[in-house]
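# Sequence first, predicted coordinates after that:
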4 protein chains.
Amino acid sequence: MIISMKLHSTKQEVESVCERIRERGYKVHSIEGEERVVIGAVGVGDTTNILESLEAMNCVEKAVRISAPYKFVSKEFKNTRTQIKIRTHTGEIEIGGDEFVMMAGPCSVESEKQIMECAEAVAATGAKVLRGGAFKPRTSPYDFQGLEEVGLKLLAKAREATGLAIITEVMSDRDVSLVAEYADILQIGARNMQNFALLKTLGSAGRPILLKRGMSSTVKELLMSAEYIVAHGNPNVMLCERGIRTFETVTRNTCDIAAVAALNELTHLPVILDPSHATGKRSLVPPLARAGVAIGADGLIIEMHPCPEKAVSDGAQSLTFPQFSAMMKDLAPYIKLWKAARATELAAV
Amino acid sequence: MIISMKLHSTKQEVESVCERIRERGYKVHSIEGEERVVIGAVGVGDTTNILESLEAMNCVEKAVRISAPYKFVSKEFKNTRTQIKIRTHTGEIEIGGDEFVMMAGPCSVESEKQIMECAEAVAATGAKVLRGGAFKPRTSPYDFQGLEEVGLKLLAKAREATGLAIITEVMSDRDVSLVAEYADILQIGARNMQNFALLKTLGSAGRPILLKRGMSSTVKELLMSAEYIVAHGNPNVMLCERGIRTFETVTRNTCDIAAVAALNELTHLPVILDPSHATGKRSLVPPLARAGVAIGADGLIIEMHPCPEKAVSDGAQSLTFPQFSAMMKDLAPYIKLWKAARATELAAV
Amino acid sequence: MIISMKLHSTKQEVESVCERIRERGYKVHSIEGEERVVIGAVGVGDTTNILESLEAMNCVEKAVRISAPYKFVSKEFKNTRTQIKIRTHTGEIEIGGDEFVMMAGPCSVESEKQIMECAEAVAATGAKVLRGGAFKPRTSPYDFQGLEEVGLKLLAKAREATGLAIITEVMSDRDVSLVAEYADILQIGARNMQNFALLKTLGSAGRPILLKRGMSSTVKELLMSAEYIVAHGNPNVMLCERGIRTFETVTRNTCDIAAVAALNELTHLPVILDPSHATGKRSLVPPLARAGVAIGADGLIIEMHPCPEKAVSDGAQSLTFPQFSAMMKDLAPYIKLWKAARATELAAV
Amino acid sequence: MIISMKLHSTKQEVESVCERIRERGYKVHSIEGEERVVIGAVGVGDTTNILESLEAMNCVEKAVRISAPYKFVSKEFKNTRTQIKIRTHTGEIEIGGDEFVMMAGPCSVESEKQIMECAEAVAATGAKVLRGGAFKPRTSPYDFQGLEEVGLKLLAKAREATGLAIITEVMSDRDVSLVAEYADILQIGARNMQNFALLKTLGSAGRPILLKRGMSSTVKELLMSAEYIVAHGNPNVMLCERGIRTFETVTRNTCDIAAVAALNELTHLPVILDPSHATGKRSLVPPLARAGVAIGADGLIIEMHPCPEKAVSDGAQSLTFPQFSAMMKDLAPYIKLWKAARATELAAV
């Protein structure tokens, strides 16, 4: 932690700042420059709120943190990849390991026929996880809000028929135990990335979590939200880049693909890319999916639908079954390169 | 609603689009240009998801909504200002009427001494509402999370002592009834603006709501979230501009002050400005507060603290008591101009 | 300057960094924490590129500047407001002094009739400066590009007729001397804020400059661009906030009004607000203009037109003459408060 | 073009709008809904400024363009890829064809030794184009501004020694002919993307242009700037995605990689990705480079330096020679997949 004093601070002011920092358990060194004094604080003290509190002092110009504010999710804490295992009645899926994981399905579960058709189309390509929303976060109160528990039951039925694992969104701490009863992975939507009441409850959900990055959240905030879940008891968190909000409108969001590579440096948690929400446009999904494999994501989550123009939500970004299947073929040689690179990396550890 | 077909669409494709729109209850007109066909749809049909569904058709270039997607909160629905009344044991406060409303207090309720001192300092300036967080949304799981119900009780005590109304944040649908027992106004934080489970519950909270704009939410999304609350039964919603997230770092957020004026054109709901979170810097709060009065907000919400450098949160943006009191004096002539303009406006209706 | 070393850096690495910093003329102190070493560098050394160069070293985690990278434009360099004087044949205008300065006129100079009518309408309200574009930066090559020198001559004619000072944009270093022949103030558009070839030429332009903030430029970058002009010989620079680009679309840009207050803390240069480009919408200009006066800008620049719906550019944000005149009346009591505050401030220096 | 009238517009108002549109040469159809009238305008009329001018009418709610505002650069105008040929003394390079093009070199030309070493390292990997800045756009007036013509001569010398083509930046319309004398490709930096005086001059530069996307420019604005160059006579334009400015700070900019795929749908011009500026961090360059190949860019432009920590600019994002060479090996199988896909595409035309 570095504290820069204002120009012409008195000795007394410098000492008062040092004193406050020492109280929190840090070692303090001050450096007198010609223009101003800079104070360095090191050690493992109580960081709670200390930066804000120091900046609130009139004699302080700026207080800057040097170390990361998260711990459990950082590579410095744990240097090997977290591998999340999901067991279904037909076998085991591992995320963060030596297999690239494809998750796919419709935006919303709409009917038994629709979700069963999707599940079969997904399974037919070799993908391992079925997505489908039962609780739907919608900007408008007048839009379709999801089938709720009925939807969850349909997902469970699709799992039984295909052996696919199920991922679905939970929107409120009130619903966590209900959704966890049916789903293999709980998805937290972008709008809830900083719903801290929800994050705390996920600590004891007993299911892996896919945490989507908020539309205007930084990579560090995403890691802090993951830290909430881990610190409350659940180490099985995947992070998901799904596009951030910028001024650009040619795509629905702006895919911050470099965040995938940055996360791979900062954390041991698996990272999933969502090219459907990132672009909002069906034709852009396959090229972005290729890029996601190439940059080293651990998996993709893709929207598809038997008849996108009749979808109750996200039709414009959903692939048809033939498009999805063609994309899977297109990705195959990239996934082969991915596996070779991952195998080399895992062997080196 | 306007649908632009792709170049060289066939007659059959145009007809298929028209058919789909008619099914939803709209009147349809198509216009054949030299290059492409454009279809106009008018009337009061079922808008659920229709734009996305049309854009999912291969022959459609673009589908654009013309009318606003919200209804109850719009000026077109109700042309006179919504006035929200709060009764305390010492009188009545009206927000959205002919009085400019000042809300102030600490970021977090920390102790009885702290909140009672704040309440007295607030009441001494003639401000009418005391703010103070009992449930705190914090980016880090290791930061102070609030005194919860203990904090609510302290707020109630401060109300009793001063006659100030109480505003405090609620973070989860689970806590709405608890917080509503104590608070006069429920505050929804920026990170929860699209926590739809929470918004629905607020419909039956029986208390006025102050809905803060999300860090990356548009003015229209803010109105849609307000529409959720109103459509679920609670018409007493205030909107709050508290700064949005941009690339600029000289302030904590970027105050979109023109949104206040834009909201005054679009909605009948009261609009409150939060210059503390908008700037994150104590010295910028008073000038921005002046601007908020001048542009026509209905009130301000301000952070202050007996000793900002010891505050457990938001110290850097909290005013001291003397600073708060000086700001109130500085604002007085601006509020006088505000009242004259408002009186003229209300007389004209 | 603070340099944070990577975890587990060796003594030798620390010394190599210290050595490199000393070479640039700084005094160096290193602090050994339990986890990592932090190096502080103080003094007045050669800052050219030093941060980037240090961060390029493998053993360095992060290098952070503490002092501002600009000098001449900072309050630390000169603590009293820069007052820019412009002499016309009817008197003197001072910007940054005890008068609030109104600049107004059409987006583009279109014809003699149009600019003369505007000039008279501007002068009639007591405003002192006429704006009007002769060289027009247009997103599309097919849009009207301005009357160029013909436009400049018309502006000069309008000045002669009314005594108003003239402000107009210059888009290329090639045109600086031509435009400076006619104009009293040279305007640099947002898209050219970092056209460094142009900025350098302005150093010897012999005219005051109004430098508009770039659409995605930070306050500090704006100050750095002003520093270019001052460092190249021209101290008479005004800064202009005209809205930045964000995700919000209800206004054309997002007015970062707090930047006006922040600039007043950071620099002695005058600050002008442009509510026309900031909002892009006529009806929002008067309320934002009030806010601009209240927050303490030194002046406003406003677009108006005899017949906005026939304007060749920016019609939607241009006021009619009656609207402009009504706004000036509406602003009068705010300007009175402004003058009282400014008089007090200037008396105190 | 679609014009939506305000609620309760009179017949006369509708007719006045229609009249104005017809004057510009369009066919007009109006649609009467229950709530409001919508007017469609089709045909090939004079689009100059018409949207703004219509929105300036009081009775108009909104005017929306349906067709793209650019013509020459669009796929609708020319459906086959533009292939740009550059002849050096050792052969011909084609950009936009069946070869993936690598451009690499230092940020700035610093000395003969430095640029010659770079050129040899670039040539050794099979890359075809050498980058190096002679005129440098720097945020600070106190930073190194480039060797100017001396730098150009050194680049020419490096070309002679290696057969690499040369790309270098031009910052002012005044310098276009000088830079064009030496360089094979003229680079326009992000800060000059809307320097319209410069864009016009490039129309007659006689050299291919690499146009970098502005930090806050949309994909459509990038295409409009390219349209400027093409419309002024120079069809050989490459577009370059180099990251946009957002709230995220973990990378220097935010790489909008989906823009590459979107541009491939919208335009026939080649698209180059710059992973160095997009990330600002050396370790993130290779993974992002892979993603760039996978998504279908036509080439990459990469910063490298013999000794990044001594570089006068952009050291933190420059690869060392061994890192560059390792990256080239890492990319090889991805480029092989790229070539197969491109060959199939070109064969299909």
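Everything's here; your move. Numbers count the residues shown, from 1 in each chain, chains lettered A, B, ... in the order given.
# need the strands for chain A, in chain order.
A:2-5, A:27-32, A:37-42, A:60-64, A:84-88, A:91-95, A:101-105, A:129-131, A:165-169, A:185-188, A:209-212, A:237-241, A:271-273, A:299-303 (DSSP state E).
# Flag the shaky bits of chain A, pLDDT-wise.
Chain A contains residues with pLDDT under 70 at A:33-35, A:43-48, A:66-67.
# and the residue of the stretch 51-200 of chain A found nearest chain D, what is it in contact with?
Taking CB to the nearest CB, chain D has its nearest neighbour within the stretch 51-200 of chain A at A:Ala68, 11.0 Å off. C-betas here are computed from N, CA, C, even on glycine. Neighbouring residues of A:Ala68 by CB atoms under 8 Å, 6 or more residues apart in numbering or on different chains: A:Ser74, A:Glu76, A:Lys220, A:Leu223, A:Leu266.
# Same question for A:Ile272.
Residues in contact with A:Ile272 (CB under 8 Å, 6+ apart) are A:95, A:101, A:103, A:210, A:238-241, A:297-301.
# what about 10 Å?
With contacts defined as CB atoms under 10 Å, 6 or more residues apart in numbering or on different chains, A:Ile272 is in contact with A:95-96, A:101-103, A:129, A:167, A:187, A:210-212, A:238-242, A:260, A:292, A:297-301.
# any idea how far it lies from chain C?
A:Ile272 is 24 Å from chain C, where distance means CB to the nearest CB, to the nearest Å.
# From C:Cys18, how far off is the residue lying closest to A:Met5 once chain neighbours are set aside?
Using CB to CB, 6 or more residues apart in numbering or on different chains and skipping the chain neighbours, the partner closest in space to A:Met5 is A:Val37 (4.5 Å). According to CB to CB, to the nearest Å, A:Val37 and C:Cys18 sit 19 Å apart.
# So which of the two has more stuff around it?
Between A:Val37 and C:Cys18, counted using other CB atoms under 10 Å in any protein chain shown, A:Val37 has the larger neighbour count: 25 against 18.
# Which residues does A:Glu92 form beta bridges with?
Beta-bridge partners for A:Glu92, by DSSP bridges, are A:Arg87.
# if we can go back for a sec, list only buried entries from the contacts of A:Ala68.
Among those, those classed as buried by 16 or more other CB atoms under 10 Å in any protein chain shown are A:Ser74, A:Lys220, A:Leu223, A:Leu266.
# Tell me the one among those residues nearest to chain C.
Proximity of the buried ones among the contacts of A:Ala68 to chain C (CB to the nearest CB) peaks at A:Ser74, which lies at 11.0 Å.
# List the residues that contact the closest one.
Counted by CB under 10 Å, 6+ apart, A:Ser74 has contacts A:Ser67, A:Ala68, A:Leu223, A:Glu227, A:Leu266, A:Thr267, A:His268, A:Leu269.
# which two of these lie the greatest distance from each other?
A:Ser67 and A:Leu269 (18.6 Å; CB to CB).
# The two: which has the busier surroundings?
Taking other CB under 10 Å, A:Ser67 and A:Leu269 do not tie; A:Leu269 has more neighbours (29 against 18).
# hang on, isn't that one packed against A:Asn234?
No - counting by CB atoms under 10 Å, A:Leu269 stays clear of A:Asn234, with 11.6 Å between them.
# if I look at the two, which residues touch both of them?
Common contact partners of A:Leu269 and A:Asn234 (CB under 10 Å, 6+ apart): A:Ile209, A:Ala226.
# Skipping adjacent residues, who's closest to A:Arg242 in space?
Here the nearest residue to A:Arg242 in space, its sequence neighbours aside, is A:Asp274; by CB to CB, 6+ apart that works out to 3.9 Å.
# how about that neighbour, what does it touch?
Per CB under 10 Å, 6+ apart, neighbours of A:Asp274: A:103, A:131, A:190, A:210, A:212-213, A:240-243, A:253, A:255, A:285, A:288-289, A:292, A:297, A:299-303, A:317.
# and the closest residue to chain B within the stretch 101-250 of chain A, how many neighbours?
Closest to chain B within the stretch 101-250 of chain A is A:Ser216: 3.0 Å, counting by CB to the nearest CB. Close neighbours of A:Ser216, defined as other CB under 10 Å, add up to 23.
# quick one: contacts for it?
Applying CB under 10 Å, 6+ apart to A:Ser216 gives the contacts A:190, A:193, A:244-246, B:190, B:214-217, B:244-246, C:247, D:246-248.
# swap the cut-off to 6 Å and go again
A:Arg245, B:Met215, B:Ser216, B:Arg245 (CB atoms under 6 Å, 6 or more residues apart in numbering or on different chains).
# quick one: the nearest residue to it once chain neighbours are set aside from B:Leu284, how far?
For A:Ser216, ignoring the flanking residues on the chain, the nearest one in space by CB to CB, 6+ apart is B:Ser216 at 3.0 Å. To B:Leu284, B:Ser216 is 21 Å away according to CB to CB.
# can you list the residues of the stretch 151-300 of chain A near chain C?
Counting by CB under 6 Å from any CB of the partner chain, the stretch 151-300 of chain A comes close to chain C at A:Arg245, A:Phe247.
# Chain D contacts on the stretch 151-300 of chain A?
Neighbours of chain D within the stretch 151-300 of chain A, by CB under 6 Å from any CB: A:218-219, A:246, A:248, A:250-251, A:254-258, A:261-262, A:279, A:284, A:287-288, A:290-291, A:294-296.
# again, only this time at 7 Å
A:216, A:218-220, A:244, A:246-251, A:254-258, A:261-262, A:265, A:278-279, A:283-284, A:287-288, A:290-291, A:293-296 (CB under 7 Å from any CB of the partner chain).
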